[in-house]
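Chemist: The sequence and its predicted three-dimensional model are supplied below.
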Amino acid sequence: MLSYLKKILLPEDESGNETSEQQVHGEHEKKIQLATCILFVELANADNKFSHEELERIISTMKKYYDLEEEYVKDLIQLAEERRKTDDSIYEYTTVISRNFSNPEKYELLKNLWHLVFIDKSMDKYEEQMVKKIGMLINVDYRDIISSKLLVKQELKM
């Protein structure tokens, strides 16, 4: 499965093969899923402590948000970790989100990011900076970034 994902999601030479509209849509959806997963993995690593609880939260969020199988999500996470080691920026991934998510979907993503931050009932300054950076890069108003943070804190009774 991982090699299949790499083939679809990683840049490659143009082969000249024709693809159906359904294939293109499916590949596009997978790129959106990977972009989302990479943002979660980047955030989980922001404080240099990618915990088991964070991993489980990413898996459950991706499964729920995209209706994915757990093994597929684990492959996405592994691919996200590989990309994280070679990519210098999250801009490519936030651009995918910005172009493909509606404002309510962006807000929901921010809430999920804040849930990941607060999984250990604390917030590292690097985690907070990362969520704010992601929010700005996906073109969310600053007040909505803060609003989503406060909403999650309220949900978690923090």
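Modeler: Arrived safely.

Chemist: tell me which element the residue sitting nearest the centre point of the chain is part of?
Modeler: Nearest to the mean C-alpha position of the chain, by C-alpha atoms, centre = their mean, lies T36 at 2.4 Å. T36 is part of helix 21-45, with elements assigned from DSSP states H and E.

Chemist: For that helix, which outside residues touch it?
Modeler: Among residues not part of helix 21-45, those counted as contacts by C-beta atoms under 8 Å, 6 or more residues apart in numbering are 5, 8-9, 19, 50-51, 54-55, 58, 61-62, 65-66, 68, 73, 76-77, 79-81, 83-84, 90, 92-94, 96-97, 100, 109, 112-113, 116-117, 127, 130-131, 134. Any C-beta I mention is one placed from the backbone N, CA and C, and that applies to glycine too.

Chemist: Filter those residues down to the buried ones and hand me the ChimeraX line.
Modeler: Buried residues among the contacts of helix 21-45 (16 or more other C-beta atoms under 10 Å), as a ChimeraX selection:
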select :5,9,50,54,58,61,62,66,68,73,76,77,79,80,83,90,93,94,96,97,100,109,112,113,116,117,127,130,131,134
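
Chemist: Which members of the contacts of helix 21-45 are positioned in helices?
Modeler: Cross-referencing those with the helices (criterion: DSSP state H) gives 5, 8-9, 54-55, 58, 61-62, 65-66, 73, 76-77, 79-81, 83-84, 92-94, 96-97, 100, 109, 112-113, 116-117, 127, 130-131, 134 as the overlap.

Chemist: roughly how far out does stretch 142-158 sit from the chain middle?
Modeler: The chain centre lies 18 Å from the centre of stretch 142-158; the measure is C-alpha atoms, centre = their mean, to the nearest Å.

Chemist: residues of that stretch that come out buried?
Modeler: 145, 148-149, 152.

Chemist: need these in CSV with pLDDT, distance to F40 and secondary structure, can you?
Modeler: What follows is those, written out as CSV (pLDDT from 0 to 100; distance: C-beta to C-beta, whole Å; DSSP: H, G, I helix; E, B strand; the rest coil):
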residue, pLDDT, distance to F40, secondary structure
I145, 97, 16, helix
S148, 97, 15, helix
K149, 97, 16, helix
V152, 96, 15, helix
